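Asker: Got a sequence here, can you build the structure:
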Amino acid sequence: MSQFVDLFRTRNAKKIISLFSYSLNTNGILVLGNAETLGNFNDVFENIDPKLKLYKRTKLQFASKLSNFPSYFSNTNINTTEVTMTKTKVTENIQTLTDQIILQHYSPASVLVNDSGDIIYITGRTGKYLEPLAGKANWNILAMAREGLQQELLIAFRKTNDNFKPITIKDIKLENDGLPFFANITVQRIESPEALKNMILVIFNDVTNLHQQEIKNAKINKVDSIGDLKELKMELSKSFEELKNTKEQMIISQEELKSANEELQSTNEELQSTNEELTTSKEEMQSMNEELQTVNTELQRKISEFTQANTDMKNLLNSTGIATLFLDKELNIRRFTDEVNTIFKIRSTDLGRPINEIVTDLIYPEMENHAAQVIKSLITVETIISTKDARWFNIRIMPYRTIDDRIDGVIITFFNITVNKKLEIELKEANKLIQSKQKEIKESEIEYRNFFESAKEGIIILNFSTGSIIDVNLFLIRLLGYSKEQFLEKNMGNRIVSRYH
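Answerer: Numbering: from 1, shown residues only. The predicted structure is shown next:
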């Protein structure tokens with residue numbers, strides 16, 4: 001039942017669109033529903049908006065059979081507007097309908113095709129000349145042409161490429177249901193009207209039975225009559241024409257092949273040029289690769305030298321026994337020597353951490369401020385600081401300068417001066433002791449001097465080795481009557497020596 005309904009809808013749709021194509025004026029608008037299509041009427045309407053299903057009636061004529069009109073179209077109950085139509089309009093409709101009837105029943109079969117040979121419109125019965133192929137639908141006239149007609153149509157189509165003159169080919173032998181017959185075809189490219197310009201009209205004319213009999217008789221008696229010679233000449237001319245067309249086609253093909261060959265040669269030259277460029281690029285890449293290998297070797301050597309220098313520097317810093325700490329501008333740890341571990345609780349994983357987050361034995365809360373001050377003023381700060389375990393360090397904070405003389409942090413060195421500090425403390429204590437002894441000696445000396453000067457007996461102090469008088473007290477000066485200078489000029493050595501000998 002559903003198949004019957006689909007067939008019924010399809011046939012009604014074709015009839016309705018056929019009526020619309022006939023009823024609409026040129027440039028008239030057709031609106032279809034979302035589920036409707038034009039079917040085989042695409043050449044009659046111009047697509048305006050596919051989404052909205054809007055189509056415009058073209059100038060192309062489309063013959064609709066009046067028998068397809070619904071019965072109520074011929075009802076005598078006609079609207080007032082139809083009754084009041086002008087006589088001229090009625091006359092034009094009658095003329096148009098009459099022309100259509102004549103075209104359908106009495107004019108020769110004809111086909112209107114586009115430049116590619118696709119059938120646009122068919123007039124009359126064309127079944128003797130055209131036959132649909134089995135399989136997928138193909139409405140190209142060259143594909144549908146019966147045996148013996150295809151080559152003739154192809155030749156005629158080529159001839160119409162240059163002008164708009166009609167091309168007629170006569171006495172073409174065809175077969176219909178196994179019976180042979182003869183036909184003439186006329187092919188013409190349409191110049192006007194504008195809507196049909198460059199389309200091709202193909203007209204089929206059957207040769208009359210009398211003419212066909214003449215042709216058959218001429219072929220039977222072609223050896224004994226002049227008609228045979230004419231027929232042979234006609235066939236020979238036709239063969240020459242076909243040969244000429246074949247040559248023209250071959251020349252065109254040769255020109256196309258020549259053009260294609262030139263394009264291929266040009267493409268080949270371009271490819272050769274591209275290949276040369278690629279070869280040059282390859283050589284440049286090889287040269288660049290060699291340079292990169294050289295640079296890579298040089299970099300490897302530099303890296304090796306840098307690694308060696310870094311190792312040497314680390315060993316040198318560690319061999320000095322001086323704890324050294326490198327900080328960046330933000331006072332984050334950049335590097336340190338092994339001796340720093342005796343002052344700070346630091347590990348290799350602490351690189352990049354701020355110095356104020358590291359635990360230390362130093363009693364030096366001002367170290368961070370001093371480091372920031374050095375970065376700002378570029379003046380070295382040196383301080384002697386003790387630790388919680390009674391060690392002493394001479395701490396020097398200096399700006400870190402790069403090779404291009406940029407300040408990029410600070411260097412803090414920690415000199416262990418614990419031994420020197422202890423010696424200094426001992427020396428200070430020894431000095432205090434010496435000063436105390438000197439004070440005692442001085443006091444004893446004062447007491448001795450007071451005794452020496454106040455003695456009631458004469459006292460002379462001599463240098464035993466030389467016998468010279470070093471000092472004499474006041475009592476002896478007064479007793480002998482000499483001055484102190486006179487006593488000091490005297491020498492008692494000879495007397496002392498002679499006395500002991």
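
Asker: any low-confidence regions in the chain?
Answerer: By pLDDT under 70, the weakly predicted segments of the chain are 1-15, 22, 34-35, 39-40, 59-92, 99, 103-105, 209-229, 231, 492-501.

Asker: where do the helices sit along it?
Answerer: 2-23, 80-83, 87-105, 141-144, 150-159, 209-220, 226-319, 367-377, 418-454, 474-480, 484-489, 493-500 (DSSP state H).

Asker: Can you get me a residue count around Ile155?
Answerer: Ile155 has 19 neighbours, counted by other C-beta atoms under 10 Å. Glycine gets a C-beta too; all of them are placed from N, C-alpha and C.

Asker: How much space separates the nearest residue to it once chain neighbours are set aside from Arg158?
Answerer: What sits nearest to Ile155 in space, not counting adjacent residues and going by C-beta to C-beta, 6 or more residues apart in numbering, is Asn245, at 4.9 Å. To Arg158, Asn245 is 7 Å away according to C-beta to C-beta, to the nearest Å.

Asker: same thing with Asp404?
Answerer: 84 Å.

Asker: which one of the two has more residues nearby?
Answerer: Taking neighbours as other C-beta under 10 Å, Asp404 and Arg158 compare with Arg158 leading, 15 against 6.

Asker: what separates that one from Asn356, distance-wise?
Answerer: Distance from Arg158 to Asn356, by C-beta to C-beta: 98 Å.

Asker: Same check on Lys329?
Answerer: 15 Å.

Asker: who touches the nearest residue to Met199 once chain neighbours are set aside in this structure?
Answerer: Excluding the flanking residues, the one nearest Met199 by C-beta to C-beta, 6+ apart is Ile190, at 5.1 Å. Shown in contact with Ile190 (C-beta atoms under 8 Å, 6 or more residues apart in numbering): 164, 196-201.

Asker: Closest one of those residues to Asn394?
Answerer: Asn198 (107.1 Å; C-beta to C-beta).

Asker: Any idea how many residues pack against that closest one?
Answerer: 11.

Asker: how near is the residue nearest to it when sequence neighbours are not counted to Ala455?
Answerer: What sits nearest to Asn198 in space, not counting adjacent residues and going by C-beta to C-beta, 6+ apart, is Asp115, at 5.9 Å. As judged by C-beta to C-beta, Asp115 and Ala455 stand 162 Å apart.

Asker: Kindly report the same for Ala323.
Answerer: Applying C-beta to C-beta to Ala323 and Ala455 gives a distance of 67 Å.

Asker: who's more crowded, these two?
Answerer: Ala323 (22 against 13).

Asker: Can you name the residues that contact that one?
Answerer: 336-337, 339-340, 342-343, 393, 413-414, 416.

Asker: who does it bridge with?
Answerer: With DSSP bridges as the criterion, Ala323 is bridged to Phe414.

Asker: you'd agree Arg353 is up against Leu331?
Answerer: No: using C-beta atoms under 8 Å as the test, Arg353 is too far from Leu331 to be in contact (10.0 Å).

Asker: Have a look at the two and say which one is more surrounded.
Answerer: Leu331 (17 against 13).

Asker: who touches the more buried one in this structure?
Answerer: Contacts of Leu331 by C-beta under 8 Å, 6+ apart are 354-356, 368, 371-372, 409-410.

Asker: Kindly recompute the last result at 6 Å.
Answerer: 354-355, 371 (C-beta atoms under 6 Å, 6 or more residues apart in numbering).

Asker: next one: Pro132
Answerer: Counted by C-beta under 6 Å, 6+ apart, Pro132 has contacts Met144.

Asker: And it, its phi and psi?
Answerer: phi -60, psi 140 (degrees, to the nearest 10).

Asker: count of residues packed around the closest residue to Val472 other than its chain neighbours?
Answerer: Excluding the flanking residues, the one nearest Val472 by C-beta to C-beta, 6+ apart is Phe487, at 4.4 Å. Applying other C-beta under 10 Å, we find 18 residues neighbouring Phe487.

Asker: Quick check: the gap between Phe487 and Leu133.
Answerer: The span separating Phe487 from Leu133 equals 167 Å under the rule C-beta to C-beta.

Asker: Count the neighbours of Val202 for me.
Answerer: 25.

Asker: nope, Phe306 is what I meant
Answerer: Phe306 has 11 nearby residues by other C-beta under 10 Å.

Asker: measure it to Gln293 for me?
Answerer: Taking C-beta to C-beta, one finds Phe306 at 20 Å from Gln293.

Asker: close enough to count as contact, Lys159 and Ile167?
Answerer: Yes: between Lys159 and Ile167 there is a contact under C-beta atoms under 6 Å: 4.7 Å.

Asker: of the contacts of Ala323, buried ones?
Answerer: 336-337, 339-340, 343, 393, 413-414, 416 (16 or more other C-beta atoms under 10 Å).

Asker: For those residues, give me CSV that also has distance to Leu97.
Answerer: Putting the buried ones among the contacts of Ala323 into CSV (distance: C-beta to C-beta, whole Å) gives the following:
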residue, distance to Leu97
Phe336, 112
Thr337, 116
Glu339, 121
Val340, 116
Ile343, 120
Phe393, 125
Thr413, 120
Phe414, 121
Asn416, 128
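
Asker: Now for these: which two are most distant?
Answerer: Phe336 and Asn416 (15.5 Å).

Asker: list the contacts for Ala371?
Answerer: Neighbours of Ala371 in contact, by C-beta under 6 Å, 6+ apart: 331, 397, 410.

Asker: Tell me, how many residues neighbour Arg146?
Answerer: Residues near Arg146, counting by other C-beta under 10 Å: 16.

Asker: circling back to that earlier point, and which of the contacts of Ala323 is nearest Leu316?
Answerer: Nearest to Leu316 among the contacts of Ala323, with distances taken as C-beta to C-beta, is Thr337, at 9.6 Å.
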